[in-house]
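Engineer: mind folding the following:
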Amino acid sequence: MTSFIIGAHTNRSVPTEWRDDADRDCPFCRIITGEMPSTRVYEDDKVIAILDILPLRQGHTLVIPKAHYSRVSELPPEYAGAVGEAVTKVANGLTKALGNTALNVVCNQEYAQAVPHVHYHIIPAPSFDSSAKEKAKENEIPLSRREMHQREFESREELDDDEGNGLAVRIRASL
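Structural biologist: Residues are numbered from 1 along each chain as shown. As a prediction, the model looks like this:
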């Protein structure tokens, strides 16, 4: 009986998620396996979504395939589809939880990719209310795009665990 079972698996392709090709130094692979902490807002068999630990804005979420691929151009169709579905689901939950429908969804490949594991950023756009608006001074020179990006990057603060957990509960409730 055992030889029959073993014989049935001869030349069977190994599912991607079973391969031992995860980068042991990859922080996302370590988060997926539970070796590193994260604030998870969504998970299924192929994808996780976590709050960014250094968010650009409140709700900055990363959607990550569980299989390790460095380039989105190499992501197999079944993972690309699963990531796309998760991005839509998480974006919907995020807009409901924050009451802000304006989002940036970004996936970098090599250029500006800080972690070499495919991931999509879902970043709520800033909400400009009347108290947050500042009038430009007459002689003030507008910032260049690079200067604006640099200032935004420098203003990032590490995610507070309690705030992150509270936000994750609101997002999960809105999925």
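
Engineer: low-confidence ranges, the protein, go.
Structural biologist: In the predicted model, the chain carries pLDDT under 70 at residues 1-22, 127-139.

Engineer: which residues in it form strands?
Structural biologist: For the chain, applying DSSP state E gives strands covering 40-43, 47-51, 61-65, 103-106, 120-124.

Engineer: can I get those strands in a markdown table including distance to Val72 and mean neighbour count?
Structural biologist: Using the backbone N, CA and C atoms, a C-beta is placed for each residue, glycine as well. Putting the strands of the chain into a markdown table (distance: least, C-beta to C-beta, whole Å; neighbours: other C-beta atoms under 10 Å) gives the following:
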| stretch | distance to Val72 | mean neighbour count |
| --- | --- | --- |
| strand 40-43 | 19 | 19 |
| strand 47-51 | 13 | 24 |
| strand 61-65 | 9 | 26 |
| strand 103-106 | 11 | 14 |
| strand 120-124 | 9 | 22 |
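
Engineer: could I get these in JSON lines, plus columns for distance to Glu157?
Structural biologist: Supplementary listing: these in JSON lines, determined by distance: least, C-beta to C-beta, whole Å:
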{"stretch": "strand 40-43", "distance to Glu157": "19"}
{"stretch": "strand 47-51", "distance to Glu157": "13"}
{"stretch": "strand 61-65", "distance to Glu157": "16"}
{"stretch": "strand 103-106", "distance to Glu157": "19"}
{"stretch": "strand 120-124", "distance to Glu157": "15"}
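
Engineer: between those strands, which one is nearest to Glu152?
Structural biologist: Proximity to Glu152, assessed across the strands of the chain by C-beta to C-beta, is greatest for strand 120-124 (10.4 Å).

Engineer: any idea of the angle the closest one forms with strand 47-51?
Structural biologist: Strand 120-124 and strand 47-51 meet at an angle of 40 degrees, taking axes from the mean of the first three to the mean of the last three C-alpha atoms, to 10 degrees as the criterion.

Engineer: show me what strand 120-124 pairs with in its sheet, parallel or antiparallel.
Structural biologist: According to DSSP bridges, strand 120-124 forms sheet pairs with strand 61-65 (antiparallel), strand 103-106 (antiparallel).

Engineer: I'd say Asn165 and Pro37 touch.
Structural biologist: No. Asn165 is not in contact with Pro37 according to C-beta atoms under 8 Å; the separation is 11.0 Å.

Engineer: quick one on the thing from earlier: tabulate the strands paired with strand 120-124 (JSON lines), appending distance to Arg24.
Structural biologist: Putting the strands paired with strand 120-124 into JSON lines (distance: least, C-beta to C-beta, whole Å) gives the following:
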{"stretch": "strand 61-65", "distance to Arg24": "16"}
{"stretch": "strand 103-106", "distance to Arg24": "27"}
